[in-house]
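S.K.: Kindly return the folded structure for what I paste below:
(chains A, B, C and D)
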Protein chains: 2
Amino acid sequence: MVTALELIDVEGVEALSLRRLAQALDRSAMALYRHAENKGDLLDGVVELLLEQVVLDADAPAWQDELRRVAHRFRGLALEHPNAVPLLLARSLSTPLGLRPLGMLRPLEAFLQLANRAGLDDAAAVAACRSFFGLLHGHVLDELQGVVAYPEERDDLLRLGLHRLPLGEFPRMRSLASAMSAYDGAAQLDRLLEALLVSLAADLPPSG
Amino acid sequence: MVTALELIDVEGVEALSLRRLAQALDRSAMALYRHAENKGDLLDGVVELLLEQVVLDADAPAWQDELRRVAHRFRGLALEHPNAVPLLLARSLSTPLGLRPLGMLRPLEAFLQLANRAGLDDAAAVAACRSFFGLLHGHVLDELQGVVAYPEERDDLLRLGLHRLPLGEFPRMRSLASAMSAYDGAAQLDRLLEALLVSLAADLPPSG
DNA sequence: ACCTGAACACCGTTCAAGT
DNA sequence: ACCTGAACACCGTTCAAGT
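M.R.: Numbering: from 1, shown residues only, chains lettered A, B, ... in the order given. Purely as a prediction, here's the structure:
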């Protein structure tokens, strides 16, 4: 599983095949069917391996801090393993909740627990859960769009490959190249989180 | 291109192969290399086909309304073509901006234009752009997680397949099944949009 | 009982051979 | 000049044949 992740990190998701993986492990390709029933199972395993590294502590003393911590941890993981992000985000699409591997559900359960403890009722907890992960996934997706075409270039326009764009049709994009490369992902995530936390606080009973 | 999308809709992204597509078109598999250089080009073509259906009008009189309209249009498209969503969101990952097909950049350019017209300066426009699409993509990703395992079931728990989960480890999730199925995606998107629009308004010079 | 090689039905892509 | 069939180097998966 960890070798599978390494393969993905180095060569991309597309390069991960049962045969290549078996070769990297000095085993026969069919021996993998002992550990995973499918290639799908294997991909799920990679996702679970990643999510294990971002445990949400439902008993954390300050729940807002815990959410901030988890969000940044997830972002860090995505930046460390950009090639695995499509897997991380898309694997659960079109797989109904109850049929997903448990490792993919644990973060959700922990979030719900934390939200309950923080004082949110059931409906609010579910809404908060979806907002939180939606925000997180959206941000990661967004930040990873900022990939650089030619890292060695010093000019922002060239580095993003934007010089190739037809001048007439994309005036804004060209002129905003530098603003685009100045993007600070961590700060943006913080901003989004603050907004979410404010709106969550509004859902709490007045006591808290 | 439209037959490619149909194939994806019916059988999923995985089922789209050059050979299957050629067969569906009553052509030889290699004839496709006239229209697309790669399989990748073909997938980009599908994404562009979808994005063409969600044009952002940079000259819209009320920019907030235009953003709301576009967001809901995009959501609608995602719900119509759930199988294509992974493509829609992941295709541009790790492809630098300037190297992306133009159809994938047009919405960005239009947004930047709209933001400028609304009075945002360059840096604010870029930030708003990322927030907007991040929010949108995140929400769509999130809403599509609500796929149903057994649509014919009447009980929420069973319909999501949640009865399979180990009782001890996932108490919250089981008890929140009904709250989960009551989720209203359009309303949630509206809530997120309102929050964004408020924060954008705060960035505007006081005149507006 | 465990493992594995060959085999099957697919891929994307190339290229020489047809018209 | 255009198209296409066979061919190449891969897939995921099955299964009978080995130990």
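S.K.: ok, the longest helix that chain A contains near chain B or not?
M.R.: Once chain A is assigned using DSSP state H, the helix that runs over the most residues is helix A:122-143. Yes - if you take CB under 8 Å from any CB of the partner chain as the test, helix A:122-143 does meet chain B, through A:122-123, A:125-127, A:130-131, A:133-139, A:141-143. Where C-beta positions appear, they are placed from N, C-alpha and C, glycine not excepted.
S.K.: so who does the residue lying closest to residue A:110 once chain neighbours are set aside touch?
M.R.: On the basis of CB to CB, 6 or more residues apart in numbering or on different chains, the spatially nearest residue to residue A:110 that is not a chain neighbour turns out to be residue A:56, at 3.9 Å. Residue A:56 sits next to A:66, A:70, A:107, A:110-111, A:114 when contact means CB atoms under 8 Å, 6 or more residues apart in numbering or on different chains.
S.K.: Narrow these to just the buried residues.
M.R.: Neighbour-count burial within these applies to A:66, A:70, A:107, A:110-111, A:114; the criterion is 16 or more other CB atoms under 10 Å in any protein chain shown.
S.K.: Just the helices from chain A, written as ranges.
M.R.: A:2-11, A:18-24, A:32-35, A:39-51, A:63-80, A:85-90, A:102-118, A:122-143, A:156-159, A:171-175, A:177-181, A:185-203.
S.K.: If I average pLDDT within each of these, which one is lowest?
M.R.: Between the helices of chain A, the one with the least mean pLDDT is helix A:177-181; it has a mean of 84.
S.K.: before we move on, back to that, got the buried residues for the longest helix of chain A?
M.R.: A:122, A:124-143.
S.K.: what's the angle from that helix to helix A:185-203?
M.R.: Between helix A:122-143 and helix A:185-203, the angle formed by their directions is 170 degrees, by axes from the mean of the first three to the mean of the last three CA atoms, to 10 degrees.
S.K.: what inclination does helix A:122-143 have with respect to helix A:63-80?
M.R.: Note on geometry: by the same axes, to 10 degrees, helix A:122-143 and helix A:63-80 are set 30 degrees apart in direction.
S.K.: Tell me which other helices or strands helix A:122-143 touches.
M.R.: Counting contacts by 3 or more CB pairs under 8 Å, 6 or more residues apart in numbering or on different chains; DSSP states H and E, the secondary-structure elements packed against helix A:122-143 are helix A:63-80, helix A:85-90, helix A:102-118, helix A:185-203, helix B:122-143, helix B:177-181, helix B:185-203.
S.K.: out of these, nearest to residue B:93?
M.R.: Distance to residue B:93, taken as CB to CB, is lowest for helix A:85-90 among the helices and strands packed on helix A:122-143, at 6.1 Å.
S.K.: What is the distance between the longest helix of chain A and the centre of its chain?
M.R.: In terms of CA atoms, centre = their mean, to the nearest Å, the centre of helix A:122-143 is set 11 Å apart from its chain centre.
S.K.: now do stretch A:61-77
M.R.: Here the centre of mass of C-alpha atoms in stretch A:61-77, compared against the chain's by CA atoms, centre = their mean, lies 13 Å away.
S.K.: Done for today, thanks.
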